[in-house]
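Chemist: how would this look folded up:
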Amino acid sequence: MASFFQLGLRTLTIASRRLNSEEYQEIENLLKDASQSMTNREEELARSFDAQLTLLGTTGVEDQLQEEVQETLESLKDAGIKIWVLTTGNRC
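Modeler: Residues are numbered from 1 along each chain as shown. As a prediction, the model looks like this:
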């Protein structure tokens, strides 16, 4: 990861976790509550998300949106793939 930083790339760590229905509902409720909370929302979400994750890898990416990002994300959504992006950047 140090080489990513030296190249000025943003690091993106990818992990996964299979959720059962109850876990999914619990996290969905926490997301809703956190979006309405003014304090400690990052901490609350971190406690929920980072448990029992399987690390898939780390990448270094340029911080520029590529062409057709919206169309790609819509295609993934249509295919039933849920994508959550956690970032320290500005909210879009």
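
Chemist: Quick one: end-to-end length of stretch 57-77, please.
Modeler: Length of stretch 57-77, first residue to last, Cα to Cα, to the nearest Å: 22 Å.

Chemist: got a list of contacts for it?
Modeler: 1, 3, 4, 7, 9, 10, 11, 12, 13, 14, 83, 89 (Cβ atoms under 8 Å, 6 or more residues apart in numbering). In short, each C-beta sits where N, CA and C put it, glycine included.

Chemist: Relative to the whole chain's centre, how far out is that stretch?
Modeler: Relative to its chain's centre, stretch 57-77 lies at 12 Å (Cα atoms, centre = their mean, to the nearest Å).

Chemist: how close does residue 39 sit to residue 80?
Modeler: Taking Cβ to Cβ, to the nearest Å as the measure, residue 39 falls 35 Å from residue 80.

Chemist: can you count the residues close to residue 45?
Modeler: Other residues near residue 45 come to 19 when the count uses other Cβ atoms under 10 Å.

Chemist: what helix or strand does the residue nearest to it when sequence neighbours are not counted sit in?
Modeler: In this structure, residue 45 finds its nearest non-sequential neighbour in residue 34, 5.3 Å apart by Cβ to Cβ, 6 or more residues apart in numbering. Per DSSP states H and E, residue 34 falls inside helix 21-36.

Chemist: With residue 57 instead?
Modeler: Using DSSP H and E, residue 57 maps to strand 54-61.

Chemist: tell me the mean pLDDT over whichever helix or strand comes after that strand?
Modeler: Per DSSP H and E, the first helix or strand lying C-terminal to strand 54-61 is helix 69-78. In this model, helix 69-78 carries a mean pLDDT of 91.
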